[in-house]
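Student: With the input below, show me the fold.
(one chain, ligands or ions: 2)
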Amino acid sequence: MRLAFAVLLGGVFSAQCVWAEIVPDRDAGRAVSRQCRTCHGKDGYAKLPIAPHIGGEPAAYIAAQLEAFRSGARYHEMMSVVAKGLSDQAIADVSAWYAGFATTADLPGNLSEDDAPELCIGCHGVNGLAEIEDAPNLTGETVMYIDTQLKAFRSGKREHEVMSAIAEYLSDQDIRDAAEWYAGIPLKIGAPEE
Ligand code: HEC
Ligand code: HEC
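Tutor: Ligands and ions are numbered 1, 2, ... in the order given. Purely as a prediction, here's the structure:
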């Protein structure tokens, strides 16, 4: 009852209410993740170069992106279709499932911390593991994925208060350099946390 009421209220007021009231169920999330594995892997380590790794991302970030694909605020021919089939509860569950993996990222020997992209490390870290809750990890994403997203922020196809403002000032070369930095760091996704 409480849930149904919260969902109803959420529809009337704002999506925030929904996420605040829904209690995520990770086991249910594991079942939902069967729909995601072909592209994002069982543990969130992507299997396609155009798909991002989502294992160990903050749950709030995963849920926000799924909600954006579902509402049309973010568009992708595959993800928009997938997200339209997910209820608020399924989004909360699958986000909790993928968020529950431990991630590690060590700089490989050929990279020096001093060369990390200065503009980005405050939020995305030197090694690409996010320093803030609402930012994604960039570690080990493909150059193609990072490049596509930065150009989408720059052109306005994807919007975010902070990232759109940053991307506006990036040249193609800046984008390439940052993408190569983060793509060059291997991401390790461990077992799910208990
Ligand atoms: C057919 C392949 C495919 C399937 C199935 C799929 N995804 Fe995706 N997903 C993608 C691609 C490709 C992108 C990148 C979209 C873009 O370029 O904007 C993506 C992006 C995402 C993002 C954004 C991540 C980020 O870093 O911004 C999330 C979250 C996500 N998917 C979660 C899911 C979940 C959860 C499921 C299952 C319910 C799922 N996806 C099923 C291909 C897929
Ligand atoms: C002040 C914090 C902040 C800084 C600095 C910042 N970012 Fe971000 N970044 C974010 C947030 C927050 C998001 C999530 C945007 C959203 O919700 O759509 C994001 C998203 C991204 C994404 C999308 C990743 C994905 O998985 O879809 C990329 C790529 C990215 N940032 C690259 C960069 C690069 C490269 C720099 C430096 C030039 C940078 N960011 C600087 C906060 C920041």
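Student: What segments of the chain are strands?
Tutor: In the chain, strands defined by DSSP state E lie at 101-104, 188-192, listed in chain order.
Student: and the closest residue to residue 180 other than its chain neighbours, how many residues sit next to it?
Tutor: Residue nearest to residue 180 in three dimensions, not counting chain neighbours: residue 143, with 5.9 Å by CB to CB, 6 or more residues apart in numbering. Yep, even glycine has a C-beta here, placed from its N, CA and C like the rest. Counted with other CB atoms under 10 Å, the neighbours of residue 143 add up to 17.
Student: Spell out which parts of the chain neighbour ligand 2.
Tutor: 52, 64, 117, 119-120, 122-124, 134-136, 138, 146, 149-150, 160, 162-163, 166, 170, 178 (CB under 6 Å from any ligand atom).
Student: Buried only: go through those residues for me.
Tutor: 52, 64, 117, 120, 123-124, 135-136, 138, 146, 149-150, 160, 163, 166, 170, 178 (16 or more other CB atoms under 10 Å).
Student: can you list contacts of stretch 186-194?
Tutor: 43-45, 53, 55-56, 97, 100-106, 108, 128, 137, 139-140 (CB atoms under 8 Å, 6 or more residues apart in numbering).
Student: Now, of those residues, which are buried?
Tutor: Buried members of the contacts of stretch 186-194, scored by 16+ other CB under 10 Å, are 43-45, 53, 55-56, 97, 100-101, 103, 105, 128, 137, 139-140.
Student: Out of the residues you listed, name the two that are farthest from one another.
Tutor: Largest separation among these by CB to CB: 97 and 128, giving 21.6 Å.
Student: was I right about residue 45 contacting residue 55?
Tutor: Yes. Under the criterion of CB atoms under 8 Å, residue 45 makes contact with residue 55 at 5.7 Å.
Student: Any idea which helix or strand in the chain has the lowest mean pLDDT?
Tutor: Sorting the helices and strands of the chain by mean pLDDT, DSSP states H and E puts helix 2-12 at the bottom, at a mean of 42.
Student: hang on, the earlier thing: so which of the strands of the chain comes closest to ligand 1?
Tutor: In terms of CB to the nearest ligand atom, the element of the strands of the chain nearest to ligand 1 is strand 101-104, at 12.9 Å.
Student: pLDDT on the closest one, on average?
Tutor: What strand 101-104 shows for mean pLDDT is 96.
Student: What lies in contact with it?
Tutor: Residues outside strand 101-104 that contact it (CB under 8 Å, 6+ apart) are 43-44, 55-56, 129, 137, 139, 187-193.
Student: go on, stretch 41-58?
Tutor: The contact list for stretch 41-58, computed with CB under 8 Å, 6+ apart, reads 33, 37-40, 62, 98-99, 101-103, 130, 133-137, 139-142, 144-145, 148, 187, 189, 192.
Student: what's the burial count for the spatially closest residue to residue 24 that is not a sequence neighbour?
Tutor: Of all residues not flanking residue 24 in the chain, residue 96 sits nearest, at 3.6 Å (CB to CB, 6+ apart). Neighbourhood size, residue 96 [other CB under 10 Å]: 22.
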